[in-house]
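[1] Just need the structure, nothing else, for what follows:
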Amino acid sequence: MLHEQELEVRQGVWIDKDWLKSAGLGGRLNVLVQPGEIRILPAKGSPKQIGTTLGWDVFRSLGDAAAPGQLPDAAVEHDRYLYGKQL
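    Model prediction:
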């Protein structure tokens, strides 16, 4: 989606966080300045680029080495087993 707005330069130019988010840019940026052009790119190795896939892989692997439980149907009776609540 293209967003275009004419801005008046005062002491600098403010780029709204929502614009950066809609462009798929995270909190760390690379800014390239050339004659007649300024480019804003995601920082190399930024947490958003690396963390998303890696984070889900770690999350999915948490149960791989889990010790077998001793309670039958623990997922079904989750609240009762953890909190002592009767359903």
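
[2] Listing request: residues of this protein with sub-threshold pLDDT.
    Low-confidence regions of the chain, defined here as pLDDT under 70, cover residues 1, 45-51, 73-74, 81, 85-87.

[3] in it, which spans are helices?
    According to DSSP state H, the chain carries its helices in the segments 17-22, 47-61, 78-83.

[4] any chance of these in JSON lines, plus mean neighbour count and distance to residue 3?
    (Glycine included, C-beta is placed from N, CA and C.) Putting the helices of the chain into JSON lines (neighbours: other Cβ atoms under 10 Å; distance: least, Cβ to Cβ, whole Å) gives the following:
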{"stretch": "helix 17-22", "mean neighbour count": "12", "distance to residue 3": "6"}
{"stretch": "helix 47-61", "mean neighbour count": "11", "distance to residue 3": "20"}
{"stretch": "helix 78-83", "mean neighbour count": "12", "distance to residue 3": "45"}
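
[5] Nearest to residue 38, out of those helices?
    Each of the helices of the chain was scored for nearness to residue 38 using Cβ to Cβ, and the closest is helix 17-22 (13.9 Å).

[6] I'd like to check what contacts the closest one. Which residues are they?
    When contacts are defined by Cβ atoms under 8 Å, 6 or more residues apart in numbering, helix 17-22 is touched by residues 1, 3, 26, 29, 40.

[7] Just give me the closest of these to residue 60.
    residue 26 (22.3 Å).

[8] coming back round to it: and the helices of the chain as JSON lines, adding distance to residue 11?
    Compiled in JSON lines, these are given as follows (distance: least, Cβ to Cβ, whole Å):
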{"stretch": "helix 17-22", "distance to residue 11": "19"}
{"stretch": "helix 47-61", "distance to residue 11": "29"}
{"stretch": "helix 78-83", "distance to residue 11": "55"}
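
[9] Chain neighbours aside, what residue packs nearest to residue 25?
    In space, not counting the residues next to it along the chain, residue 25 is nearest to residue 42; the distance is 5.4 Å by Cβ to Cβ, 6 or more residues apart in numbering.
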